[in-house]
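Undergrad: the sequence and its predicted three-dimensional model are supplied below.
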Amino acid sequence: MAKRSLGEFEQLVLLAILRVGDGAYAVPVINEIEAQTGRSVSHAAVYIALRRLEEKALVTSRLADATPERGGRGKRYYDVSAAAREMLQESRNALTRMWDGLELVK
Amino acid sequence: MSRNRATGSHPQDGNLPPSVAVSLLTLLLPRSTSHEALGDLHEAFSHRVGSAGIRAARNWYWSQTFRFLFRLPLEFLTRRFRRSSPHGGSAQRQPPMRREFPMKTFLYDIKFAARTLLKDPAFSLISVLILAVGIGANVAMFSVTDAVLIRSLPYPEPERLVLGRTSYSQGLGWNVSAPDYYDYRDQNEVLESLAAIRSFSNDWTVTGGDEPEKVPGTLASVDFFPTLGVQPIIGRQFTAEEAEMSEPAVALISYGYWQRRFGGSPDVVGSTLVVNGFTSTVVGVLPAGFYFRHPVDIWAPMRDGGPHTGIRRFHNWTLVGRLMEGVSLVRAQAQIDVLSAQLQEAYPDSNEGKGLHLTELHEALTSQYENLLFLLMGAIGLVLLIACGNVASLLLARGTGRAAELSVRSALGASTGRLVRQLLTESTLLAIASGLFGVVLAIFFQRLLINFMPLDALGIREIGLSAMMLGFALLLSVATALVFGVVPAVIGANANPVEDLKGGTRTSAGGGRTRLRSSLVILQVALSLVLLIGAGLLIRSFARLRAVDPGFGTENLLTAQVDLPNNEYADPESRIQFFTGLLEEIRAIPGVLSVGSISMLPIRDSYSNVFAWDPENPPPEGTRPGLAEHRAVLPGYFEAMEIPILAGRDVENNDVTGSPFVLVISETMARGLFPDQNAVGRQVAVDVGGAEPAIAEVIGVAGDVHTYALDQEPPRQMYYSFRQMPYLTLRLAIRTRGDAAAVTNSVRQILRARDPNVPLAGVATMEDVITRSVGGQRVIMLTLILFSSVAVFLAAIGLYSVLAYYVAQRGHEIGIRLAMGASGGRIMKLVLNKGLILVGVGLVVGVAGALGATRLMQQQLFNVEATDPVTFVAVCGLFGCVAALACVVPAFRAVRVDPVKTLQAE
């Protein structure tokens, strides 16, 4: 089986979960991506990415209690699995190697 | 949870996300995760409300919803595809080839179909447009029907709500008397609560602002809103004590009035309103969209001993009850019947033969629309069928052009089933595209229909998108695809490769196809004729309705209403002086010919009747005397209204309190009470509420007037002298020389000069009043005219395309005939004959269909038989003209065929 690699958006989502840390759920994850990349991210995209990542066992999740500001609905917290951390690191190393010695914009 | 369906996405929802979007998402998202996804959206939405405002937040929520709408189906499809593909990376054993095959070909079919359709954009666009109009109109109609007939009322546990109506031996009356109400309320053991609301709303005068204003108000028992399960959004309900006369006056106000008068201020509770001269305190605001039978802005409590509560014979209240948990309607009715029997025994004078009939509230409110809605549903369904016929015809014509392609594929080994599937996929794709577009159109149509249809009793002003509606659209699209797609697909797929590949341009094949298209045209002609006849009948009925003589002159007549506040005009003499002086001044306005004044104008105002009989010939024991409409007039009313005095005299200025009680009665009443006798000088007993009837002397007989509506017979009618019955409210009827509306300002100025606290309300010309009174019938007529025009247009296109195709196909033959010296006339006749046969057969089938179908609409017709021969003949003639036009164009084309070119092309 070919080695799997992560898509760009998947990486953004995973990194955002790591940056938010404990208690990362969709809303702060989206806010983090928007804050750091400056692009607007739709709930649908993040929702689908998280579902895929979870199916590939790259994130784990657990349900938490409802709060009134959520219209009384629960939230789902996400954690990045060890395998995903490894893949993220690999992807970063690969990019770093590829960038080594290049300068595109002065 | 009593979300009011009428409010849809009203600002009342405050800081909640748009409910339509939420329900869409709930529908779409997988059950396992929809909870948290909606929660996330809700949270982000709340933040956004804080940072960017409610409007921006709502827009944002919608845009997020659309992204879900777009991405989730894609995700679902790719997931399905990946799972079934052998390279899906799953560790399980590969699924057998067989299972994977259909999915792949299915996707292939879709891709191929999309490509084929895009290759012929004109065909695709026209088909999608035709179908989208059909589907959209049906979906809109369905959503209205759903909202009216199927969806439950917007109250908690609506199935326990019942409407109580008075039952007599002659039938049902909506109204119940207050003493009866109190007895039923206090003695029954089957209803959790029984509430009452005045059967009409009245225009109340509210003063204290810059200008006095008229506001629709009504009385409701203190438990009315709790019975329905409606909570004020601000403030409180009426308390039980507030049913006592001794308590200070209070009022609940509507959301709209709260916004208009108080700018939506939360401090409204405790503010005061001066209503009809009495100060009353606002205790609460009802939710936006709350509506019960009539538009009302102010509700005041029904009070024991208050107006309209004293007399058992006077029926002024509508009852709404809530069944106790576990009590069936049948059981409740049984107990109510026992109470009715007791009441009959206790009060034989007023309650003989009277009972209380319980009906489920929803059923009672909607039954009046059932017939109309089914009629329109049927009509719009026919339009879709015609549209299907058209597209099927287009597909068949197109199939001829594609015969070669299909033959090649068949020759290369594609099975017939495979080709049918391919073609059906194409039509399904077309239908789904139409369905999507149709839903967009449906939202537009829906708004049109709601503005159009008289759905007053339910207060439906907005329906919006529902899951039900989307489901119906999908179902309809697929059904449509099958209806218009199957036959062309089967015919197309059964092409004969040998014949088709061999036969160059001269396609003699497709005879079956042509026959099929011909039958489709016949079907379209027949169906659209049915619709057109329906519309024709309604036009005729409407014309008859408008031709009804209301019994008074309607031209150049201005009507308006003047209500005096009770506190300042408590003395009846002051009212008489006010009104006679007012009339005097109005009479002096240049351009005013005459002025009349009456407590309630015909057609324009509600009605009110009491028992009246001939005291020398009283009704036999145990039977009820007849009812008569009663009004009070000042002298000059009959002259201004141009109602003839047939015998005797008009009321006069000396018919005052203290002098004999006088009556002018209508011709129908005179004939009813005193058949074949002179009514003038006779006596009439009038039940004015006391223990004994008032005895009045008939001084005149006036012409009959259609008091209620043009389509209702003139009732028995009697007129008091206003000086003997000085009400607080009078309506003006001002006859002018020219445009009636032109004197409005002068009248207003005169009134303001006399008393700035008395508003001039409800100013309208009598012609407008009458036009409005037949608005419902007009709308139904216009709707059916619209539907049938679309249908006829589609049928004409169908006819045209079949004939044009016929000419194109026979070009070769026509060319030879022309070359051999046939005249243009003969060729035209050939084509026209072909067309006229189609139309003729279609008309015969259509007339037969219409004879059956129009019977269903008899209820909507006024003075016209559903089988009215004049309409049938006229409509067939009209249709013949349209059809002839559709035939003539291709016929001319045939004549212009150039024999040399046609033959050279071989």
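TA: Looks like it came in fine.
Undergrad: so where do the strands sit in chain A?
TA: When secondary structure is read from DSSP state E, chain A shows strands at A:59-67, A:73-80.
Undergrad: what does the first one rub up against?
TA: The contact list for strand A:59-67 (C-beta atoms under 8 Å, 6 or more residues apart in numbering or on different chains) reads A:14, A:17, A:25, A:50, A:53-54, A:72-81, A:84, B:36, B:39, B:43. For the C-beta atoms, the positions are set from N, CA and C on the backbone; glycine is no exception.
Undergrad: distance of the residue in chain A that chain B sits nearest to relative to residue A:30?
TA: Here chain A gets closest to chain B at one residue, residue A:73, 3.1 Å apart by C-beta to the nearest C-beta. Relative to residue A:30, residue A:73 is positioned 16 Å away (C-beta to C-beta, to the nearest Å).
Undergrad: and the pLDDT for the residue of the stretch 151-300 of chain B found nearest chain A?
TA: At 18.4 Å from chain A, residue B:233 is the closest residue in the stretch 151-300 of chain B, using C-beta to the nearest C-beta. Listed pLDDT for residue B:233 reads 90.
Undergrad: in three-state terms, label the residue lying closest to it once chain neighbours are set aside for me.
TA: Residue nearest to residue B:233 in three dimensions, not counting chain neighbours: residue B:287, with 5.0 Å by C-beta to C-beta, 6 or more residues apart in numbering or on different chains. Remark: residue B:287 carries the secondary structure label coil [criterion: DSSP: H, G, I helix; E, B strand; the rest coil].
Undergrad: picking that back up, in TSV, list the strands of chain A along with mean pLDDT and mean neighbour count.
TA: Rendered in TSV, the data for these read as follows (pLDDT from 0 to 100; neighbours: other C-beta atoms under 10 Å in any protein chain shown):
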stretch	mean pLDDT	mean neighbour count
strand A:59-67	82	14
strand A:73-80	88	18
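Undergrad: those strands: which one's closest to residue B:583?
TA: Closest approach to residue B:583 among the strands of chain A (C-beta to C-beta): strand A:73-80, 66.6 Å.
Undergrad: so the closest one versus strand A:59-67, what angle?
TA: Angle, strand A:73-80 to strand A:59-67, by axes from the mean of the first three to the mean of the last three C-alpha atoms, to 10 degrees: 150 degrees.
Undergrad: follow-up on the earlier one: using TSV, lay out the strands of chain A together with distance to residue B:149.
TA: Formatted as TSV, the entries for the strands of chain A read as follows, by distance: least, C-beta to C-beta, whole Å:
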stretch	distance to residue B:149
strand A:59-67	37
strand A:73-80	33
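Undergrad: wait, which of these is closest to residue B:63?
TA: Closest to residue B:63 of those, according to C-beta to C-beta: strand A:73-80, at 20.3 Å.
Undergrad: what packs against the closest one?
TA: helix A:8-20, helix A:26-37, strand A:59-67, helix B:31-52 (3 or more C-beta pairs under 8 Å, 6 or more residues apart in numbering or on different chains; DSSP states H and E).
Undergrad: need the ones you listed in CSV (columns: distance to residue B:533).
TA: Supplementary listing: those in CSV, determined by distance: least, C-beta to C-beta, whole Å:
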stretch, distance to residue B:533
helix A:8-20, 61
helix A:26-37, 59
strand A:59-67, 60
helix B:31-52, 50
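Undergrad: tell me which parts of chain B are close to chain A?
TA: Near chain A, the residues belonging to chain B are B:16-17, B:33, B:35-44, B:46, B:63-64, B:67-68, B:70-72, B:75, B:89 when assessed by C-beta under 8 Å from any C-beta of the partner chain.
Undergrad: out of those, which are buried?
TA: In the residues of chain B next to chain A, burial by neighbour count holds for B:16-17, B:33, B:35-44, B:46, B:64, B:67-68, B:71-72, B:75, counting by 16 or more other C-beta atoms under 10 Å in any protein chain shown.
Undergrad: the helix or strand of chain A with the lowest mean pLDDT pairs with which strands, and in what direction?
TA: Across the helices and strands of chain A, mean pLDDT, DSSP states H and E gives its lowest value to strand A:59-67, namely a mean of 82. Taking DSSP bridges as the criterion, strand A:59-67 pairs within the sheet with strand A:73-80 (antiparallel).
Undergrad: who's in contact with the partner strand?
TA: So strand A:73-80 is in contact with A:14, A:17-18, A:23-27, A:29, A:50, A:54, A:58-67, A:88, B:33, B:35-36, B:38-40, B:42-43, going by C-beta under 8 Å, 6+ apart.
Undergrad: CA atoms only: put stretch B:548-562 into CSV for me.
TA: Only the C-alpha atoms of stretch B:548-562 are listed here, as CSV (Å, rounded to 0.1, in the frame of the first residue of the first chain):
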residue,chain,number,x,y,z
VAL,B,548,-75.9,41.6,-10.0
ASP,B,549,-77.7,44.8,-9.1
PRO,B,550,-76.8,45.4,-5.4
GLY,B,551,-80.0,47.3,-4.9
PHE,B,552,-78.3,50.7,-4.6
GLY,B,553,-76.3,53.0,-6.9
THR,B,554,-72.6,52.3,-6.6
GLU,B,555,-71.3,55.1,-8.9
ASN,B,556,-69.7,58.2,-7.4
LEU,B,557,-70.4,57.1,-3.9
LEU,B,558,-67.9,57.7,-1.1
THR,B,559,-68.2,55.6,2.1
ALA,B,560,-66.5,56.3,5.5
GLN,B,561,-67.0,55.6,9.1
VAL,B,562,-67.3,57.9,12.1
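Undergrad: mind listing what's buried along it?
TA: Neighbour-count burial for stretch B:548-562, counted by 16+ other C-beta under 10 Å, picks out B:548, B:550-552, B:554, B:556-562.
Undergrad: now do stretch A:12-21
TA: Of the residues in stretch A:12-21, those with enough neighbours to count as buried (16+ other C-beta under 10 Å) are A:12-17, A:20.
Undergrad: likewise stretch B:298-313?
TA: Residues of stretch B:298-313 classed as buried by neighbour count (16+ other C-beta under 10 Å): B:298-303, B:308-309, B:311-313.
Undergrad: and for stretch B:640-660?
TA: Under 16+ other C-beta under 10 Å, the buried positions of stretch B:640-660 are B:640-643, B:647-648, B:650-651, B:655.
Undergrad: quick check: residues of chain A near chain B?
TA: Going by C-beta under 8 Å from any C-beta, the residues of chain A near chain B are A:1, A:25-27, A:30, A:42-45, A:47-48, A:51, A:63, A:66-67, A:69-71, A:73-76.
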